[in-house]
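In: Generate coordinates for the sequence data below:
(one chain, ligands or ions: 1)
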Amino acid sequence: MANILVLYYSRGGHTAHISRVIAQQIESKGNHCDVVNIQDKATIEWSKYQAVALGACVLYGSYHKSVFKFVRENKQHLSQIPNSFFCVSVVARKPEKRIPENNTYLQKFLTLSEWKPQDVKIIAGKVDYPSWPWYDSFMIRLIMKMTDGPTDPTAIIDYTDWEDVKVYGDHIVELATAVPA
Ligand SMILES: Cc1cc2nc3c(=O)[nH]c(=O)nc-3n(C[C@H](O)[C@H](O)[C@H](O)COP(=O)(O)O)c2cc1C
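Out: Alright, predicted model coming up:
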């Protein structure tokens, strides 16, 4: 049995939801998984875990500053066990943007982050204009207009491939249990 940690930053709750589905998948195979919101500033007992995944949503082309602060403060812990980073964005609704080399948001994280994850995953997020503040909704609709996405202000579209999220959960277990070469 592996003990796995899933950390996340979520603004609207979708990355939190993805993190919980990853954890459910990990636990469905007889493992244990803790899910922690990095903004809760919980004390983490790093030595308990055999692998860690950290997820963050993309906001205006980057990530919330607390994501970079967390990785700066915890880069040694993050690197000491098998580790993975997953980023959540609506641009990843396009299959070609789920390829790491084609995704500028992932590349931006890899450049700016002081933690260099051994493994990465790109996950399509959710459009939820009615739940977003008017300014955010307006700005994202503008971006969507330029990128052939949905612009209807009432649109709520979940682009996440939930089966693929479960496959990623299995992958994290594989990272945790792989015998070093
Ligand atoms: C304020 C704001 C800015 C966003 N900026 C981007 C962006 O630059 N590129 C993108 O692909 N998605 C962008 N998104 C979409 C989010 O990454 C997506 O909705 C994600 O599912 C949000 O996750 P969360 O609910 O955990 O915050 C943005 C969403 C919001 C609300």
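
In: Can you give the domain ranges for this structure?
Out: Using automatic domain parsing, the domain parsing of the chain gives 3-125+161-177, 126-159.

In: Ok, which of the ones you listed comes nearest the ligand?
Out: Ranking the domains of the chain by proximity to the ligand (C-beta to the nearest ligand atom) places domain 3-125+161-177 first, at 2.3 Å. The C-beta positions use only the backbone N, C-alpha and C, and glycine is treated the same way.

In: Compute the first-to-last residue distance for that closest one.
Out: Domain 3-125+161-177 stretches 10 Å from its first residue to its last (C-alpha to C-alpha, to the nearest Å).

In: give me phi/psi at the most centrally placed residue in the chain?
Out: Centroid-nearest residue in the chain, with C-alpha atoms, centre = their mean: residue 55, separated by 2.6 Å. Here is the backbone geometry of residue 55 (degrees, to the nearest 10): phi -120, psi 150.

In: Same question for residue 155.
Out: According to degrees, to the nearest 10, residue 155 has phi -70, psi 130.

In: what's the neighbour count on it?
Out: 15 (other C-beta atoms under 10 Å).
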